[in-house]
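# generate a structure from the sequence data that follows.
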Amino acid sequence: MGAGGIGGLMPALSEDRRFQELREALATSPPDLNDADLLSAQRLEAAVSIVVRAGADLDFLLIKRAISERDPWSGHMALPGGRWDQTDASLIHTARRETQEETGVDLGRIGIPLGRLQDVSPSSTRLLNMRIAPFVFGVPSETEASVASPEVNRVYWVPLDTLRATATGSSIEIYLPDEQRTFPSYHIAGEHVWGLTHRILSDFLRIYR
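Residues are numbered from 1 along each chain as shown. Just a heads-up that it's a prediction; the model follows:
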């Protein structure tokens, strides 16, 4: 799509009633937007994207992470995103950059920012000193995603109605080094979405009903 097509597309996206409602809903629960201390922070900083695709229905983008010993979320279902880099001017830049690197979706070109959810931190003591900022973006109906990084195994567009469905709610048994625990999950595409991603998506659904 040429630059003229993009220019005509962005106002249309902004005028989508569902995106307007979503922006308004997110505005009712403003998060802490203080990213000024990124360089001096003693914690790890990261950002993820909830990419919502317009169409007859609304879909959102999920990825399955590749198996890797270096990745604490190896093999998990997740939202596209990753760690803040010093080349990123802010955490929303991190979310855009990582989404493009992992799925090929260029949010800086075709996405409109709709808001930001409350930051989350891992409950594991091994990753306790980390902040993850979730950002929500709207993209046009023809947006396609692909596996664009060796860190990603698969990509999925999931209808929001599927996420809302009672039958999607589930749980998963996780074997930890010193115990076995049960975590709430969403059962999507034969996979369990749990942990931080489940918490972020649950917060998203709570705000956007």
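
# for Val193, see how far away the residue of the chain positioned farthest from its centre is.
No residue in the chain sits farther from the centre than Asp178, which is 29.8 Å out by CA atoms, centre = their mean. Note on Asp178: its distance to Val193, by CB to CB, to the nearest Å, is 24 Å. Backbone N, C-alpha and C define where each C-beta goes, glycine included.

# now do Ile50
With distances taken as CB to CB, Ile50 is found 12 Å from Val193.

# strands of the chain, residue ranges please.
Applying DSSP state E to the chain gives strands spanning 44-53, 59-65, 77-78, 81-83, 112-116, 130-139, 152-159, 169-175, 180-188, 191-194.

# of all those, which one comes closest to Ser29?
Closest to Ser29 of these, according to CB to CB: strand 112-116, at 8.7 Å.

# Arg83 - nearest residue in space that isn't next to it in sequence?
Distances taken as CB to CB, 6 or more residues apart in numbering place Ala46 nearest to Arg83, at 4.8 Å, with adjacent residues excluded.

# what number of residues lie near that neighbour?
By the measure other CB atoms under 10 Å, the count of residues near Ala46 is 22.

# how about the one 10 residues further on?
Neighbour count of Ala56, defined by other CB under 10 Å: 7.

# same check on Asp119?
Asp119 has 19 nearby residues by other CB under 10 Å.

# follow-up on the earlier one: ok, which of the strands of the chain comes nearest Gly104?
Closest approach to Gly104 among the strands of the chain is made by strand 152-159 (8.8 Å; CB to CB).

# so, low pLDDT: which residues of the chain?
Low-confidence regions of the chain, defined by pLDDT under 70, span residues 1-11, 30-42, 69-74, 124-128, 177.

# thinking again about what came up before, what distance do you get for the residue nearest to Arg83 to His192?
Per CB to CB, Ala46 is found 21 Å from His192.
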